[in-house]
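Peer 1: can't give you the sequence, but here's the structure:
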């Protein structure tokens, strides 16, 4: 009886292995056949990358642009790939991701499609390290977090960003590991400009037939972003050195750009439960540190914001993390401008 059970178990394992190999062979066959169709297919991981690509590939011949996740998905921390997602990736010539660890499924993609060109947009960006955050989480005024990362950037003749010490030819970023870092770099206009430049360079290298269009579009989009950054710098005169609280880790980059000090950070999402002690900590941080403004995402921060507002005179400012929205070329710029007005009004 034991021998029969062992035999059945071995046969079952063999069937699983054979089925897995057949699926992988089918996916790779599909991936190879797609490349013969004469089109260059780009897949982006999620919303901020898709909007950047919309601007870069505009008017390019023979290019198909697809987004892996729905426009309302938000950040990809817990995103799970579906068979439909894997099928979409099988058609891709290039996969453009944010990087910094936010796409936690990349090991699965690498195993299924080892020859797929992967471009990591934040490869050349100085990310905020989570383990280096000197944030006063107790509200006792003992620490001040001044995110004043001075990122020295040279602007080349094309108006795009270049970083000293980086390999300009290493565009795919497939093996680049940022470690424990805050990957929401698109919330910083200056960093987003660098990300757009990185994507455009990698795309021009992968599809040289459209390189002139990609470079021209990237230059035009960068000029719009430069004007947005100039608007940001004018508001910074009012916000520099101000102490704030944030309810979304993406807003660390907003604080960094505006020169504000994060006194307390609580990262809220749909799965985050808040304890009474944490509510007390936030209220203590407001009262003890003289914080007058809290930046939060209305979708997940409204309930806590209402509670804190009842106990203090703090201003709740609900800004957009720009990780979901409409598929419109100007949605990033329009969203940032709305955020700027809300921030300026709060101070």
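Peer 2: Cool, the structure landed. Quick caveat, the model's predicted, so the values are computed rather than measured.

Peer 1: listing request: residues of the stretch 51-200 of the chain with sub-threshold pLDDT.
Peer 2: Scanning the stretch 51-200 of the chain for pLDDT under 70 picks out 71-78, 131-179.

Peer 1: helices of that one, start to end?
Peer 2: Counting by DSSP state H, counting those that start in this stretch, the stretch 51-200 of the chain has helices at residues 83-89, 106-112, 189-206.

Peer 1: now these as TSV including mean neighbour count and distance to residue 284?
Peer 2: Every residue, glycine included, has its C-beta placed from N, CA and C. What follows is the helices of the stretch 51-200 of the chain, written out as TSV (neighbours: other Cβ atoms under 10 Å; distance: least, Cβ to Cβ, whole Å):
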stretch	mean neighbour count	distance to residue 284
helix 83-89	15	44
helix 106-112	15	40
helix 189-206	24	32
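
Peer 1: dump these to CSV, plus distance to residue 215.
Peer 2: Below are the helices of the stretch 51-200 of the chain laid out as CSV (distance: least, Cβ to Cβ, whole Å):
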stretch, distance to residue 215
helix 83-89, 26
helix 106-112, 27
helix 189-206, 6
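
Peer 1: phi, psi of residue 294?
Peer 2: phi -120, psi 130 (degrees, to the nearest 10).

Peer 1: how many residues are close by the nearest residue to it once chain neighbours are set aside?
Peer 2: Counting by Cβ to Cβ, 6 or more residues apart in numbering, the nearest residue to residue 294 once its immediate chain neighbours are dropped is residue 245, at 4.5 Å. Residues near residue 245, counting by other Cβ atoms under 10 Å, number 28.

Peer 1: list the strands paired with the helix or strand encompassing residue 245, with their directions.
Peer 2: Here residue 245, judged by DSSP states H and E, is contained in strand 243-246. Paired with strand 243-246 in the same sheet, following DSSP bridges, are strand 261-265 (parallel), strand 293-296 (parallel).

Peer 1: chain center to the helix or strand just after the last one, what's the gap?
Peer 2: It stands for strand 293-296. Next along the chain after strand 293-296, taking DSSP H and E as the criterion, comes helix 298-311. Relative to the centre of its chain, helix 298-311 is centred 25 Å away, using Cα atoms, centre = their mean, to the nearest Å.

Peer 1: again with stretch 233-240
Peer 2: So, by Cα atoms, centre = their mean, the centroid of stretch 233-240 is 24 Å from its chain's centroid.

Peer 1: can you list the buried residues in it?
Peer 2: Buried positions in stretch 233-240, judged by neighbour count with 16 or more other Cβ atoms under 10 Å: 235-236, 239.

Peer 1: try stretch 220-234
Peer 2: 221-222, 225-226, 228-229, 231-232.

Peer 1: next one: stretch 286-299
Peer 2: Using 16+ other Cβ under 10 Å as the burial criterion, the residues of stretch 286-299 that qualify are 286, 289, 291-297.

Peer 1: coming back round to it: C-terminal to the strand holding residue 245, what's the next element?
Peer 2: helix 251-257.

Peer 1: ok, and what's touching that next one?
Peer 2: Residues outside helix 251-257 that contact it (Cβ atoms under 8 Å, 6 or more residues apart in numbering) are 128, 133, 147-149, 182, 184-191, 232, 236, 244, 246, 260-262, 265, 295-296, 319, 321, 339, 343.

Peer 1: repeat for stretch 295-308
Peer 2: 244-248, 251, 254-255, 266, 268-270, 272, 274, 279, 282-283, 286, 294, 314, 316-321, 343.

Peer 1: one more time with 7 Å
Peer 2: 244, 246-248, 251, 254, 268-270, 274, 279, 282-283, 286, 294, 314, 316-319, 321 (Cβ atoms under 7 Å, 6 or more residues apart in numbering).

Peer 1: show me what contacts the most centrally placed residue in the chain?
Peer 2: Note on the chain: the residue nearest the mean C-alpha position is residue 184, at 4.4 Å, using Cα atoms, centre = their mean. Contacts here follow Cβ under 7 Å, 6+ apart; on that basis residue 184 touches 249-250, 253.

Peer 1: against residue 287, how distant is it?
Peer 2: As judged by Cβ to Cβ, to the nearest Å, residue 184 and residue 287 stand 28 Å apart.

Peer 1: for residue 233, same thing?
Peer 2: With Cβ to Cβ as the criterion, residue 233 and residue 287 are 31 Å apart.

Peer 1: and if you look at residue 229?
Peer 2: Distance check for residue 229 against residue 287: by Cβ to Cβ, it reads 34 Å.
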